[in-house]
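Asks: Just to be clear, the model below is a prediction. Sequence and coordinates:
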Amino acid sequence: MEAGDFKDFAKAMTDYIAEYLENIRDRQVVPSVKPGYLRPLVPEQAPEQPEPWTAVMADIERVVMTGVTHWHSPRFHAYFPTANSYPAIVADMLSGAIACIGFTWIASPACTELEVVMLDWLGQMLGLPEEFLARSGGEAGGVIQGTASEATLVALLGAKSRVMHRVREQHPDWTDSDILSKLVGYCNKQAHSSVERAGLLGGVKLRSLQPDGKRRLRADILRDAIREDKAKGLIPFYVVATLGTTSSCTFDALDEIGDVCAEDDNLWLHVDAAYAGSAFICPEYRYLMKGVEKADSFNFNPHKWMLVNFDCSAMWLKQPRWIVDAFNVDPLYLKHDQQGSAPDYRHWQIPLGRRFRALKLWFVLRLYGVENLQKHIRKHIALAHLFEKLCLEDERFEIVEEVTMGLVCFKLKESNEVNEELLRMINGRGRIHLVPSKIDDVYFLRLAVCSRFTEEKDIQESWEEVKASADEILKKLKK
Ligand SMILES: *Cc1c(COP(=O)(O)O)cnc(C)c1O
């Protein structure tokens, strides 16, 4: 086995990657394979003898690409975007080469220290208050989690350890299980499913509250729920405010919610801005995070909308000690002399092991510059408004939710069934890909601007696809 062979493989793959991305527009967005398509295409067992890399290369199209959904096609409009850029891919290559496991500072000092600084850079780009940043000199700071779901759970566990600590002091006669059974957290009914899941994993009650007519969680609803629960002897301890809900990208009234949380020391306010958080690098969108200084933790995903490949979920904590203490189980082999002078990020997260993900942020921030990242956000929002305009010009359609970011929620002015049929038809034609959502029994279609390759002409084409499907369905309906 010659190392030289593999170097050639790496070089060939680099060319393949560039070719794939530059021509992704020509590929069918969703593959037409059936479940189980892959097994017959590969041998029953791993090869006993090594194969030439050219054989692997030759199988990529045949085995893999035939079954890939091309998330970076300019006509992929499902879910929310997932980021992709050459600087982030190259950084992942370097991270793969260094291949360190950065659980302690000494396990790879650069891995920890670059992460601390990158989260300060990023926090400043978003206009986060200094109290969240490591450079403020206190205990606060940021950490890269794998996903927003993990960040929500980590924040919940921090909130739980803080409230347990306080209640134990006030009621030394109560057992931990007494206290645990009284804890209750809150979120918008429109919050991401991972919030409810964090409650299940954390073993505490979590209430989904009814939002107002604009799908925003408001102070009065939260205050009523808290009052009601306290009257029952429960202990409210955790509130999640969502900035940019997954269904329809609405924003909870953070400023008001922050005031409610400030009325009770035990309430930990976590902000889930997984998708929309990237837009706060543009000052004109920061009004949507007004009140952020009242939060205890804040999270968004550069891996969604800021050109940093998955996984990279940025989380800031004002008082990481509640998490660090809750998760601290130091065996001798993980202790080191410099403990305390830099964060040992293993205590800030659920897994022990962690990759060198700060490299992706560093490369992307330097090679795009804040200016081009802002352009990327503004372009996606403008493209969403273009689709909105095309929709509004056709009187058969309506917009379901105000368009603020790169998501358009729309439907035919017909029943749920007709709209379900519309989506089936659109996705069946295979030229574009959308997913639906439903709020208060109203079924609608979601068009998210996802790819960094998407241009006006692609949005026009996507609209033509929607229109063509609508024509066909409404014609059938008239018969
Ligand atoms: C996408 C999304 C999540 C989940 O993000 P992961 O990083 O995949 O866990 C959570 N909350 C909101 C509002 C989202 O849009």
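Replies: Sure thing, it's come through. For clarity, every value in this text was computed on a predicted model and none was experimentally measured.
Asks: residues making contact with the helix or strand bottoming out on mean pLDDT in the chain?
Replies: For the chain, the helix or strand with the lowest mean confidence is helix 321-327, at a mean of 83 (criterion: mean pLDDT, DSSP states H and E). Applying C-beta atoms under 8 Å, 6 or more residues apart in numbering, the set of residues contacting helix 321-327 from outside is 139, 154-155, 157-162, 165, 317, 346-350. Any C-beta I mention is one placed from the backbone N, CA and C, and that applies to glycine too.
Asks: Make a ChimeraX selection of the buried ones in these.
Replies: Command for ChimeraX that selects the buried part of the contacts of helix 321-327, burial taken from 16 or more other C-beta atoms under 10 Å:
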select :154,155,157,158,159,160,161,162,317,346,347,348,349
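Asks: So which bits of the longest helix along the chain are buried?
Replies: Taking residue count as the measure and DSSP state H as the definition, the longest helix of the chain comes out as helix 358-392. By neighbour count on 16+ other C-beta under 10 Å, the buried set for helix 358-392 is 358-365, 368, 373-374, 376-377, 379-381, 383-388, 390-391.
Asks: Around the ligand, pick out the residues from the stretch 201-350 of the chain.
Replies: With C-beta under 6 Å from any ligand atom as the criterion, the stretch 201-350 of the chain meets the ligand at residues 242, 244-246, 272, 274-275, 301, 313.
Asks: and the residues you listed, which two are the farthest apart?
Replies: The largest distance within those, taken as C-beta to C-beta, falls between T245 and S313 and amounts to 17.0 Å.
Asks: related to what we said a few turns ago, what is the longest helix of the chain packed up against?
Replies: With contacts defined as 3 or more C-beta pairs under 8 Å, 6 or more residues apart in numbering; DSSP states H and E, the secondary structure elements packing on helix 358-392 are helix 86-98, helix 109-126, helix 302-305, strand 397-399, strand 407-412, helix 456-478.
Asks: Can you give me the buried ones in the first one?
Replies: Yep, that's helix 86-98 we're talking about. By neighbour count on 16+ other C-beta under 10 Å, the buried set for helix 86-98 is 86-92, 95.
Asks: low-confidence ranges in this structure?
Replies: Judged by pLDDT under 70, the chain has its weakly predicted residues at 1-4, 327-340.
Asks: Which residue ranges of it form helices?
Replies: Residue ranges of the helices in the chain, as given by DSSP H, are 3-22, 53-59, 86-98, 109-126, 148-170, 176-182, 193-202, 219-231, 254-262, 302-305, 321-327, 358-392, 416-429, 456-478.
Asks: Quick one: residues in contact with the fourth one.
Replies: What that stands for is helix 109-126. With C-beta under 8 Å, 6+ apart as the criterion, helix 109-126 contacts 100, 102, 104-105, 132-135, 141-144, 277, 280-281, 286, 300, 302, 314, 316, 342-345, 354, 356-359, 361-362, 365, 370, 373.
Asks: could you redo the last one with a cut-off of 7 Å?
Replies: The list of residues contacting helix 109-126 from outside it, by C-beta atoms under 7 Å, 6 or more residues apart in numbering, reads 100, 102, 105, 132-135, 141-144, 277, 280-281, 314, 316, 342-343, 345, 356, 358, 361-362, 365, 370.
Asks: starting at the chain centroid, how far to it?
Replies: For helix 109-126, the distance between its averaged C-alpha position and the chain's averaged C-alpha position is 19 Å (C-alpha atoms, centre = their mean, to the nearest Å).
Asks: Equivalent analysis for the fifth one, please.
Replies: Between the mean C-alpha location of helix 148-170 and the chain-wide mean there is a distance of 21 Å, by C-alpha atoms, centre = their mean.
Asks: Report whether that helix contacts the ligand.
Replies: Yes. For helix 148-170 and the ligand, the contact criterion (C-beta under 6 Å from any ligand atom) is met by 148-149.
Asks: From the contact counts, what lies against that helix?
Replies: If you count contacts as 3 or more C-beta pairs under 7 Å, 6 or more residues apart in numbering; DSSP states H and E, helix 148-170 packs onto helix 176-182, strand 183-188, helix 193-202, strand 235-242, strand 268-272, strand 297-300, strand 313-317, helix 321-327.
Asks: And for the last one?
Replies: Applying 3+ C-beta pairs under 7 Å, 6+ apart, one finds that helix 456-478 makes contact with helix 358-392, helix 416-429.
Asks: Looking at these, which is nearest to the ligand?
Replies: helix 358-392 (14.7 Å; C-beta to the nearest ligand atom).
Asks: what angle do the closest one and helix 109-126 make?
Replies: 30 degrees (axes from the mean of the first three to the mean of the last three C-alpha atoms, to 10 degrees).
Asks: Helix 358-392 to helix 86-98, inter-axis angle?
Replies: Going by the same axes, to 10 degrees, helix 358-392 makes 150 degrees with helix 86-98.
Asks: hang on, the earlier thing: could I get the buried residues of helix 86-98 as TSV with distance to the ligand?
Replies: As requested, those are exported to TSV (distance: C-beta to the nearest ligand atom, whole Å):
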residue	distance to the ligand
Y86	22
P87	20
A88	15
I89	19
V90	22
A91	19
D92	17
S95	19
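Asks: rewinding a little: quick one: buried residues of the least confident helix or strand of the chain?
Replies: Neighbour-count burial for helix 321-327, counted by 16+ other C-beta under 10 Å, picks out 321-324, 326-327.
Asks: closest to the ligand among those residues?
Replies: Distances from the buried residues of helix 321-327 to the ligand were compared by C-beta to the nearest ligand atom; the smallest belongs to I323, at 17.5 Å.
Asks: what about A241, neighbour count?
Replies: Burial measure for A241: 31 neighbouring residues, criterion other C-beta atoms under 10 Å.
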